[in-house]
Structures are given as structure tokens and as C-alpha cells.
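Asker: Quick one: sequence and predicted model below, then my questions.
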Amino acid sequence: MTVEEMLGKVDHTQLKAFATWEDIRKLCQEAIRFHTASVCVPPAYVKRIHDTYGEKINICTVVGFPLGYSVTEAKLAEVRQALADGCNEIDMVVNISDVKNGLYEKVEEEIRTLKRACGEHILKVIVEACYLTEEEKIAMCRAVTDAGADYIKTSTGFGTGGATREDVELFKKYIGPGVKIKAAGGVSTLEDLEMFLELGCDRIGTSRAVGLCQGQDTGGY
């Protein structure tokens, strides 16, 4: 896979709590220059990015991020506002407490509700795999599939661990044919990027990809 093809699978990410407009502007300019799949940014920046760059850039934002325990109504309000502001893709965090309590049907219904609000826009479901047992991961694969979401995503990048080969292989085994995989968190080398793409991930969430593909590593998500 060429560098250009790899970057075309990257959600170029800046989700730090202290991200400034200069950080976001740099991210967007890199995304445009290197043709990344999207920029993944805090909700508060979506409208400004859309007003500044228009259709030059595909905007992704996060909902219920990073802990996931917002009530469904709050997540739904976040989705609606993000779409109104010009966002095209939503990365939502499941209620991890509900998962740990075995309330899989409740989690599935929340995903379904948010997907209904997204309509034709892409919904990626972050399951924060580092906190889950194998049984819980399998249950989330089924919930994401049955709720009609577009992607299952490994991690927020803010948990105790990020994407792993084992989790991606497990997801591939248990997700439905219409669900894609996004790996995020801990993609820190070019080898990581290549590995996750070769494993079948359709998207990679990282702030490092542009630097890595240019032979640099500035650190980050």
C-alpha cells in the first residue's frame, strides 16, 4: 500500500482538551494537503472548520467522549448539533458501565437511536476494548452490527490501552458483513499503521500518520 493510500484511510485526529484553533487549523491544512479520510476534532470546532474550509474537508467529531456514560438524550443532542454544524461522521462512545453490567440490549438501542439520527452520515461506535472481556467484546460486535452502525472502533485513545492486533482479529470474526473496523489509540509507528490496514481496518484514528509518513514522529493520539 502506498503512502497516499494509507493516508486516505486515516482520520487525522486532534482531540486534546487544550487544543487551540492554531492546532486545529494545522490539522485541517495537513488533511487537505495529504488527502486524509477526515479530520477528527472536538465538537466545539466543527462549525468553525466547516465555515473556514467548507467542502474541502471531511469533518468527523466525537460524542459521549471519552468516558461514554452520558445519557442517551445527551448523546443524541450532541449528534444533532454536530450534524447541524457541518459534521459528516460521528464517533460515539458506548456506555461502558452498561456493558460491564451486561445491559447489552440497552447499549444496542442507544447505538440504534444515534444511527437513526445520523441517517446517511457515518456512525462509528467506540467500545473502548481495553476495559472489556472477550465476552463483552463479542457482545459489542453483535450490538454494533444489529443496531446498523457503520463501524466498530477499538478505542478512544484516552483509556488504559489502544488498538491491538488481537482485538481487530476478534472484531473481524464477530462483526456482520456491513460493519467496518477503525483502529485507534497507540498507532505510534509506520509499522503499526501498515499492520492495522493489512489486518483489514478501513480507518485508522491517529494524530501521527502524516508525520510518520514523512519520516517524522511528533507524538500524539
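Answerer: Noted; the coordinates are in hand. Residues are numbered from 1 along each chain as shown.
Asker: Can you show me the strands along this structure?
Answerer: Per DSSP state E, the chain carries strands over the ranges 10-13, 38-41, 59-63, 89-93, 122-126, 151-153, 180-184, 203-206.
Asker: Give me the nearest residue to Thr160, chain neighbours excluded.
Answerer: Distance criterion CB to CB, 6 or more residues apart in numbering; nearest residue to Thr160, sequence neighbours excluded, is Cys130 at 4.9 Å. Where C-beta positions appear, they are placed from N, C-alpha and C, glycine not excepted.
Asker: count of neighbours near that neighbour?
Answerer: Neighbour count of Cys130, defined by other CB atoms under 10 Å: 17.
Asker: What of Leu197?
Answerer: Residues near Leu197, counting by other CB under 10 Å, number 18.
Asker: Now for Val125: which residues touch it?
Answerer: Contacts for Val125 (CB atoms under 8 Å, 6 or more residues apart in numbering) come out as Met92, Val94, Ile111, Met140, Ala143, Val144, Ala147, Ala149, Tyr151, Ile152, Lys153.
Asker: in the sheet, who's paired with it?
Answerer: On the basis of DSSP bridges, Val125 is bridged to Met92, Ile152.
Asker: measure it to Ile49 for me?
Answerer: Separation of Val125 from Ile49 (CB to CB, to the nearest Å): 23 Å.
Asker: picking up where we left off before, winner for burial among the strands of the chain?
Answerer: strand 203-206 (a mean of 29; mean count of other CB atoms under 10 Å).
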